[in-house]
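Chemist: model the structure of this input:
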Amino acid sequence: MSKAKIAPSILSGDFADMANDWKKMLGNKPDWLHVDIMDGHFVPNLTIGPPIVKAVRKRIPKGEAFFDCHMMVQNPQQWVKPMADAGADQYTFHYEADGDVAETIKLIKENGMRVGLALKPGTPSSCLDEHINNVDMVLVMTVEPGFGGQKFKAEMMPKVQEVRALAPKLDIQVDGGVDASNVCSCADAGANVIVAGTGIYGAEEPAEAIKLMRAAVEKAIADRA
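Modeler: The predicted structure follows:
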């Protein structure tokens, strides 16, 4: 099974000084930085795009941080090359978005990025059957995508278990309302990549929150070994 990875959702931080805020978060020793890209169409919110990611990447070279980009966009193929050029390491798009899933996966690989496939809460794990062997990660949303600060949906844990059963060695990510109070349930269900916004940024000691979450995932991995 893949290793534990903790990915702070960096859009929970300081928009006014983004590059320095991301650098500051790196001081807390996360594994990835989770970057939410929203187009105002697939979800109602609108956030940053490739030019901002590219500008921050100039300040934080590839060897210093893994940019885990969650593309909440209606036309995921449109943004593959711009995000690759901007310096994204992983491109996670939604199964529910417009376009051919297999072709989008192929395009992401051709542009040198890892492939993530995201599922909204209402989307069943059965949709993965023809794609799971072609992706690097599955993201099981534990809130409806589009806004931070939502309540964690514990009822998504059976879906995480289903995905883990399908792919014992795959990276499985959870995103939405995850914090110290529920990270163990995520890890026990089979998630090894934990995205947390306020669960890290709102902690008194973000580094300690990251360590706690990583320890929970590592314990769950060891218990399943």
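
Chemist: show me which residues of the lengthiest helix in the chain are buried.
Modeler: Longest helix in the chain, counting residues (DSSP state H): helix 206-224. Neighbour counts over helix 206-224 (16 or more other C-beta atoms under 10 Å) mark 206, 209, 210, 212, 213, 214, 216, 217, 220, 221 as buried. The C-beta positions use only the backbone N, C-alpha and C, and glycine is treated the same way.

Chemist: for the fourth one, which non-adjacent residue is closest in space?
Modeler: Which is residue 212. residue 180 (5.7 Å; C-beta to C-beta, 6 or more residues apart in numbering).

Chemist: since we're on the one you found, how many residues are nearby?
Modeler: 15 (other C-beta atoms under 10 Å).

Chemist: tell me the contacts of it?
Modeler: Neighbour list for residue 180: 199, 203, 209, 212, 213 [criterion: C-beta atoms under 8 Å, 6 or more residues apart in numbering].

Chemist: list the contacts of the second one.
Modeler: Contacts for residue 203 were tallied using C-beta under 8 Å, 6+ apart; they are 180, 209.

Chemist: buried ones in stretch 29-47?
Modeler: 30-39, 42-43, 47.

Chemist: which ones among those lie within helices?
Modeler: Going by DSSP H, the helices hold none of these.

Chemist: same list (these) but as CSV, adding distance to residue 85.
Modeler: Output for the buried residues of stretch 29-47, formatted as CSV (distance: C-beta to C-beta, whole Å):
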residue, distance to residue 85
30, 24
31, 24
32, 20
33, 18
34, 20
35, 15
36, 19
37, 14
38, 20
39, 18
42, 21
43, 23
47, 19
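
Chemist: and of these, the nearest to residue 146?
Modeler: Taking C-beta to C-beta as the measure, residue 146 lies nearest residue 43 of those, at 3.2 Å.

Chemist: got the residue ranges for the helices in the protein?
Modeler: 18-26, 50-59, 80-86, 101-110, 157-166, 183-189, 198-201, 206-224.

Chemist: contact partners of the third one?
Modeler: Among residues not part of helix 80-86, those counted as contacts by C-beta under 8 Å, 6+ apart are 37, 49-51, 53-54, 57, 69, 71, 91, 104, 107-108, 111-113.

Chemist: so, low pLDDT: which residues of this structure?
Modeler: Within the chain, the stretches with pLDDT under 70 are 1.
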